[in-house]
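Visitor: Sequence plus the predicted model coming up.
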Amino acid sequence: MLDVLIVGAGPAGLFAADRLSAGGATVTVVDRMPSPARKFLMAGRGGLNLTHSEDLTGFLARYREAEPFLAPIIRAFPPEALADWCHDLGEETFVGSSGRVFPKSMKASPLLRAWLRRLDKNGVRLLTRHMLTGIDETGTAHLQAEEAAPAPFPARVVLLALGGASWPRLGSNAAWVPLLEARGIRVNPLQPANCGFQVDWSAFVKERFAGTPLKRIALSHGTEKMTGELVISEQGLEGGAIYALSAALRERIATEGEATLAIDLRPSMSLKDLTGKLSRPRGKQSVATFLKKSIRAKPVELALLHECLDPAGELTKNLAGGLPSDPAALAQRIKAVPIRCLAPYAIDRAISSAGGIALDELDDALMLRKLPGVFAAGEMLDWEAPTGGYLLQACVATAARAAAGIAAYLKTEGGR
């Protein structure tokens, strides 16, 4: 009988297959898509971010509530181990100026080709266009190939690595949720993570500035702060800076119905220095003209300064309305432009998803307590992380933990 059936040919599934086949297990990987690792390839188009060089204490804190669960798993397979694995496949890595770790090729495709070659050499069988339709009471997976009826696919162990619910067109459509719930497995609701947020822009901002970037800005929400870039869209705000705050914003919206985000348009300048700059004589210039000349304010920045909350908490959309004339008040607004976020973008537009299999449904080896012989890894578990290498690191680290658990399980009488 087949040793291990892995359902899902993304990074977690393929990494577990690599580990298990290297140890001598017979492995078959199935995926419903026509080719493997589609989301991995898409994510690598702009430069494949493998992991991050941040010190491990800070690194682990990025996982927020899931840190206690993930810390021992990532400590057992840390960022250095992921880089070494990449090197072993013939892809050298480097650390960028941001601390992010990339392959020197900057692409996902060369790494994936080397990865698949090694899996093939180790005898791993890859079956595409096979969809999981259920798991029976014995833990046996039922699969459906194209134009065929669902049928059991016997294996001693099953590893589920089906991803979350973001980018469903690339394979992660969360169709596994009702299948596990039918077996009594608690799955926490899947929600968008690393996503944009809806803002009720004025018609002026939508028409004039949709698609306009905001560079070298800083964002804050509560105690959390992030520097980076944003892009204004007709729907709201998107970009790396707001993605990093998405968990906090999403949680505030869930409890209060909305969340206020503060944008610092001049993060490199202190409030004191900015106030001093704005205290110079303005003469007959309008505030807008004065800002253009004194701090080189761009039209999009001027629009945002009007597009903010007034003292009553209402969104000001009257562009003829005046900006504060007092230098200190004007500087304060520039350093903290309040924007009301109403809802996260839909999950199919998110980079990743939060929610998934409740962590207490898994034992230390990542086996489902209610389905002996069935393991799970990757983004289908209930954790989330910002972009920057943290997502892939956790996917691969959980796959390494599951592979170790599977290898041990196969040596016991528990292996079917």
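Guide: Sure thing, it's come through.
Visitor: chain center to the strand or helix carrying H142, what's the gap?
Guide: Applying DSSP states H and E as the criterion places H142 in strand 141-145. The chain centre lies 29 Å from the centre of strand 141-145; the measure is Cα atoms, centre = their mean, to the nearest Å.
Visitor: where's V158, which helix or strand?
Guide: Counting by DSSP H and E, V158 is found in strand 157-160.
Visitor: list the helices and strands that strand packs on?
Guide: strand 4-7, strand 374-376, helix 390-410 (3 or more Cβ pairs under 8 Å, 6 or more residues apart in numbering; DSSP states H and E). Every C-beta, even on glycine, is put in place using the N, C-alpha and C of the backbone.
Visitor: Let's have these in JSON lines, adding mean pLDDT.
Guide: What follows is the helices and strands packed on strand 157-160, written out as JSON lines (pLDDT from 0 to 100):
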{"stretch": "strand 4-7", "mean pLDDT": "98"}
{"stretch": "strand 374-376", "mean pLDDT": "98"}
{"stretch": "helix 390-410", "mean pLDDT": "97"}
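Visitor: For those, please prepare CSV with the additional fields mean neighbour count and distance to K215.
Guide: Below are these laid out as CSV (neighbours: other Cβ atoms under 10 Å; distance: least, Cβ to Cβ, whole Å):
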stretch, mean neighbour count, distance to K215
strand 4-7, 27, 42
strand 374-376, 26, 40
helix 390-410, 24, 23
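Visitor: Compile those into JSON lines and extend it with columns for distance to W383.
Guide: As requested, the helices and strands packed on strand 157-160 are exported to JSON lines (distance: least, Cβ to Cβ, whole Å):
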{"stretch": "strand 4-7", "distance to W383": "19"}
{"stretch": "strand 374-376", "distance to W383": "12"}
{"stretch": "helix 390-410", "distance to W383": "6"}
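Visitor: S97: which of those is closest?
Guide: S97 lies closest, by Cβ to Cβ, to one member of these: helix 390-410, at 17.7 Å.
Visitor: and that closest one, how far from the chain's centre?
Guide: For helix 390-410, the distance to the chain centre is 19 Å (Cα atoms, centre = their mean).
Visitor: Am I right that P68 falls within a helix?
Guide: Yes: counting by DSSP: H, G, I helix; E, B strand; the rest coil, P68 falls inside a helix.
Visitor: For the one residue sitting closest to the centre of the chain, give the beta-bridge partners.
Guide: Centroid-nearest residue in the chain, with Cα atoms, centre = their mean: S352, separated by 3.7 Å. S352 has these beta-bridge partners by DSSP bridges: A193.
Visitor: Could you verify that P36 is part of a helix?
Guide: No: using three-state DSSP, the assignment for P36 is coil, not a helix.
Visitor: any idea how far P299 is from it?
Guide: 46 Å (Cβ to Cβ, to the nearest Å).
Visitor: Repeat that for I347.
Guide: For I347, the distance to P299 - Cβ to Cβ - is 33 Å.
Visitor: Tell me which of the two has more neighbours.
Guide: I347 (22 against 12; other Cβ atoms under 10 Å).
Visitor: ok, the residue nearest to that one when sequence neighbours are not counted - how many residues close by?
Guide: Using Cβ to Cβ, 6 or more residues apart in numbering and skipping the chain neighbours, the partner closest in space to I347 is P192 (4.3 Å). P192 sits with 26 neighbouring residues when counted by other Cβ under 10 Å.
Visitor: how's this protein carved up into domains?
Guide: Listed domain ranges for the chain are 4-193+352-410, 197-344 (source: automatic domain parsing).
Visitor: worst average pLDDT in the ones you listed?
Guide: Lowest mean pLDDT within the domains of the chain: domain 197-344, a mean of 89.
Visitor: Run the chain-centre distance for that one.
Guide: 25 Å.
Visitor: End to end on it, go ahead and measure it.
Guide: 4 Å (Cα to Cα, to the nearest Å).
Visitor: out of the helices and strands packed on strand 157-160, which comes closest to R45?
Guide: Closest among the helices and strands packed on strand 157-160, once you apply Cβ to Cβ, is helix 390-410, at 14.4 Å.
Visitor: CA atoms of the closest one as PDB?
Guide: Backbone C-alpha positions of helix 390-410 (Å, rounded to 0.1, in the frame of the first residue of the first chain) are rendered in PDB as follows:
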ATOM      1  CA  TYR A 390       6.800  34.900   7.100                       C
ATOM      2  CA  LEU A 391       4.000  33.200   5.200                       C
ATOM      3  CA  LEU A 392       6.300  30.800   3.300                       C
ATOM      4  CA  GLN A 393       8.400  30.100   6.300                       C
ATOM      5  CA  ALA A 394       5.500  28.900   8.400                       C
ATOM      6  CA  CYS A 395       4.100  26.800   5.500                       C
ATOM      7  CA  VAL A 396       7.300  25.000   5.100                       C
ATOM      8  CA  ALA A 397       8.100  24.700   8.800                       C
ATOM      9  CA  THR A 398       4.700  23.100   9.500                       C
ATOM     10  CA  ALA A 399       5.300  20.800   6.500                       C
ATOM     11  CA  ALA A 400       8.600  19.800   8.100                       C
ATOM     12  CA  ARG A 401       6.900  19.100  11.400                       C
ATOM     13  CA  ALA A 402       4.100  17.100   9.800                       C
ATOM     14  CA  ALA A 403       6.600  15.100   7.700                       C
ATOM     15  CA  ALA A 404       8.500  14.200  10.900                       C
ATOM     16  CA  GLY A 405       5.300  13.200  12.600                       C
ATOM     17  CA  ILE A 406       4.300  11.100   9.600                       C
ATOM     18  CA  ALA A 407       7.700   9.300   9.400                       C
ATOM     19  CA  ALA A 408       7.300   8.400  13.100                       C
ATOM     20  CA  TYR A 409       3.700   7.300  12.700                       C
ATOM     21  CA  LEU A 410       4.600   5.000   9.800                       C
END
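Visitor: Which strands or helices does it pack on?
Guide: helix 11-22, strand 51-52, helix 67-76, helix 79-88, strand 157-160, strand 374-376.
Visitor: and the fifth one, which strands flank it?
Guide: Pointing back at strand 157-160 there. Counting by DSSP bridges, strand 157-160 is paired with strand 4-7 (parallel), strand 374-376 (parallel).
Visitor: contacts for it?
Guide: 3-8, 13, 16, 132, 135, 139-141, 176, 373-377, 380, 402-403, 406, 409-410, 415-416 (Cβ atoms under 8 Å, 6 or more residues apart in numbering).
Visitor: quick one: that strand to chain centroid distance?
Guide: 24 Å.
Visitor: again, but for the longest one
Guide: In terms of Cα atoms, centre = their mean, the gap separating the centre of helix 11-22 from the centre of its chain is 21 Å.
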